[in-house]
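Enquirer: missing the sequence, but the structure's below:
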């Protein structure tokens, strides 16, 4: 059957890169796209730069968690001091404004952590061994650099 008369104008026939979507564990980096089509591994140098970027991104997640922990500890101490002095110096309304502002900042930090953790999950879901090792290395490095609060860690994804 002759289909030469059909319009295929919207089909991409370019010789550009393809993204492979693996659903099984692999070490293959040919046609590997990391999260975005534009983040395409085209050879050894781009793989190495990608792994370095993933290590930095994953370590950055621990930095955000540490910032959140420090802010919460600071705001809890400040809230205790404000409550003790508010009965003498401030009306209750000022304390509520500070509490509301503190809660908004905590919520923004929490939302950033959730977004970040899901992004890391997407990295891991490439099912590529190199990417998985980079995520683990970044978590290790991030804990060494920023994990001062406790040795017990919770799972990053919800």
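Expert: Nice, thanks for sending it over. What you see is a predicted model; the values in this text were computed from it and never measured.
Enquirer: how near is the most centrally placed residue in the chain to residue 53?
Expert: The geometric centre of the chain, computed from its C-alpha atoms, lies nearest to residue 116 (CA atoms, centre = their mean), at 2.2 Å. Residue 116 sits at a distance of 14 Å from residue 53 (criterion: CB to CB, to the nearest Å). The C-beta positions use only the backbone N, C-alpha and C, and glycine is treated the same way.
Enquirer: unless I'm mixing things up, residue 40 is touching residue 46, no?
Expert: Yes. Assessed by CB atoms under 8 Å, residue 40 is found in contact with residue 46 at 7.5 Å.
Enquirer: Report the next helix or strand after the helix ranked longest in the chain in sequence order.
Expert: Counting residues, the longest helix found in the chain (DSSP state H) is helix 44-86. Remark: after helix 44-86, the chain's next helix or strand is helix 92-124, criterion DSSP states H and E.
Enquirer: Pull out the buried positions in that next one.
Expert: Across helix 92-124, burial judged by 16 or more other CB atoms under 10 Å covers 95, 102, 109, 113, 116, 117, 120, 123, 124.
Enquirer: That one packs against which elements?
Expert: If you count contacts as 3 or more CB pairs under 8 Å, 6 or more residues apart in numbering; DSSP states H and E, helix 92-124 packs onto helix 44-86, helix 129-146.
Enquirer: Average pLDDT for the longest one, rounded please.
Expert: Mean pLDDT, helix 44-86: 85.
Enquirer: With the last one instead?
Expert: In this model, helix 129-146 has an average pLDDT of 97.
Enquirer: outside of it, which residues touch it?
Expert: Residues outside helix 129-146 that contact it (CB atoms under 8 Å, 6 or more residues apart in numbering) are 25-27, 29, 34, 47, 50-51, 54-63, 65-66, 120, 123-124, 153.
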